[in-house]
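> take this sequence and fold it.
(chains A, B and C)
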Amino acid sequence: MLLDFLHMGGYAGYVWSSFGLTAAVLLINLAGARRQFKQRLAFVRRRMAAGDKT
Amino acid sequence: MWKLFHQFGSPPHFYRLAGYLIPWFGAAALILILVATYGGLVLAPADYQQGDGFRIIYVHVPSASMSLFAYTLMATAAGIGLIWRIKLAHAVAAAAAPIGASFTFLALATGSIWGKPMWGTWWAWDARLTSELILLFLFLGYMSLRAANDDTGKADRASGLLAVVGVVNVPIIHYSVEWWNSLHQGATIMKLGKPAITGDMLWPLLMMIAGFGCYFATVLMIRTRSQVLQRERNTHWLKEL
Amino acid sequence: MKKRYQRGIRVALVLAGVGIAVALLLRAFDENILYFYTPVQVVAGEAPDGRRFRLGGLVTLGSIEREPGSLKVSFLVTDNQETLPVEYEGVLPDLFRDGQGVIAHGTMNDNGIFVADEVLAKHDEDYMPPEVAEALEKAHGDEES
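The predicted model follows:
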């Protein structure tokens, strides 16, 4: 049964690569966005701690 | 009314509100996408013509829809930024671009993978595919114009103009299958009258679109907050965080 | 307020200008964007003479003839108004069958046969399980009799 599911009626390669690619791109996008935010937040916090009076 | 608009354009208000909303939209996105995936891969029956191969629809169509939605949002935000000189609007446009580009890439890639067994080709220069490819170039062009300009204001204006001008491509993409003889078939969901897709096959598709929408909102808010941190790094309110 | 108004007008004008430019560009490239010609269009002489072009339509029911032992196949393409014969040698897509949409790329030979070097299948926007498709076909058959 599981093998049938994975086989996707002969279209396994096409279906699983599509879903896999989508999952990968969505996760990379999310991770990239969070990383950028954390970097910039850390930058602002560092400047505050250093007593920047700008 | 104007006060609401003014508040909406205020970076500190947005920053705080987005911070609160992100986990909720994120959770909604995760749940909707997971349930839709199960519905599309397991529950939906196989298609009479394409068998299990049609299941690619559950990632292809939502990606394509979101690519158009993201571009429209980016162009609208850029337009508002250009006309009313609201920096936050430009921040939203800048945040939307990489996400929109990703969706466009996914629409093209999954479409290509789907096309090979069904149509018999990985690619065709018909109106739908060509205009969607142009959309990807528009997103990349927007991001390049931003990167090329050190001055945020100049970057906002140059890229914003490209975004607004390029918006004519969106209706072209949508109506391409009606206006020109194409390889790509017509609209399934937007068909007036009964949708050309049966219930068990339809709900996972709609749910996946909703899930992608919540995902887009989540990542857009994260990236816009990043933009705000960058643009407002010298202001007083940021120090109060 | 006035400045904002002027800016808005400027943006709108640029947008309109580009919109018109794009529309004109597309009209100029129409024969490339027009991905295929239908049998009616080909019979009316709209397809380019002597050059390769794409012919699109439906495979006439019962018209598919394969040469045993080779990849040669011949069939008829119709738009329910005009019908043209096609000859092709090569691999056909999964969906190629009676009544299916096709787009053939090739040239018209002197005998009025379209010789294709590529055949793509085109499907419609409907998705349904086999039982529903069978029921629809039955209902359609009942209607016609």
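> center of chain C, which residue is that?
The residue lying closest to the centre of chain C (CA atoms, centre = their mean) is C:Gly56, at 3.5 Å.
> doesn't C:Val40 make contact with that one?
No: contact criterion CB atoms under 8 Å: C:Gly56 and C:Val40 do not qualify, at 10.9 Å. Heads up, the C-betas are built off the backbone N, CA and C, glycines and all.
> follow-up on the earlier one: which phi and psi does the residue lying closest to the residue nearest to the centre of chain C once chain neighbours are set aside have?
Leaving out its chain neighbours, the residue that sits closest to C:Gly56 by CB to CB, 6 or more residues apart in numbering or on different chains is C:Phe36, at 3.3 Å. Dihedral pair for C:Phe36: phi -150, psi 160, per degrees, to the nearest 10.
> can you give me the strands in chain C?
C:53-59, C:65-66, C:72-78, C:83-89, C:101-108, C:114-122 (DSSP state E).
> is it possible to get TSV of the ones you listed that adds mean pLDDT?
Compiled in TSV, the strands of chain C are given as follows (pLDDT from 0 to 100):
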stretch	mean pLDDT
strand C:53-59	94
strand C:65-66	93
strand C:72-78	95
strand C:83-89	96
strand C:101-108	94
strand C:114-122	95
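> out of the ones you listed, flag the one nearest B:Lys116.
Closest approach to B:Lys116 among the strands of chain C (CB to CB): strand C:114-122, 10.7 Å.
> could I have that closest one exported to CSV, CA atoms only?
The C-alpha trace of strand C:114-122 is given here as CSV (Å, rounded to 0.1, in the frame of the first residue of the first chain):
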residue,chain,number,x,y,z
PHE,C,114,1.2,18.2,-42.3
VAL,C,115,4.5,16.5,-41.6
ALA,C,116,5.3,17.0,-37.9
ASP,C,117,8.7,16.6,-36.1
GLU,C,118,7.1,17.2,-32.7
VAL,C,119,3.7,16.3,-31.3
LEU,C,120,2.6,17.7,-27.9
ALA,C,121,-0.6,16.8,-26.1
LYS,C,122,-2.8,19.6,-24.8
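> pLDDT at the closest residue to chain A within chain C, what is it?
Closest contact between chain C and chain A, by CB to the nearest CB, is at C:Asp94 (9.0 Å). Listed pLDDT for C:Asp94 reads 86.
> check the one 4 residues further on too.
The pLDDT attached to C:Asp98 in the predicted structure is 93.
> give the burial count for it, as a bare number.
Residues near C:Asp98, counting by other CB atoms under 10 Å in any protein chain shown, number 12.
> same thing with B:Asn169?
As a measure of burial, B:Asn169 has 20 neighbours, counting by other CB under 10 Å.
> do the same with B:Thr130
Here the count is done by other CB under 10 Å, and B:Thr130 has 20 residues near it.
> so how far is the helix or strand hosting it from its chain's centroid?
For B:Thr130, the host element (DSSP states H and E) is helix B:127-148. Centroid separation for helix B:127-148 versus its chain: 13 Å, with CA atoms, centre = their mean, to the nearest Å.
> circling back to that earlier point, to A:Thr22, which of the strands of chain C lies closest?
So among the strands of chain C, strand C:114-122 is nearest, using CB to CB, at 24.6 Å.
> the residue nearest to the residue of chain C closest to chain A when sequence neighbours are not counted and C:His123, how far apart?
Nearest non-adjacent residue to C:Asp94, counting by CB to CB, 6+ apart: B:Pro117, 5.5 Å away. Distance of B:Pro117 to C:His123, given as CB to CB, to the nearest Å: 11 Å.
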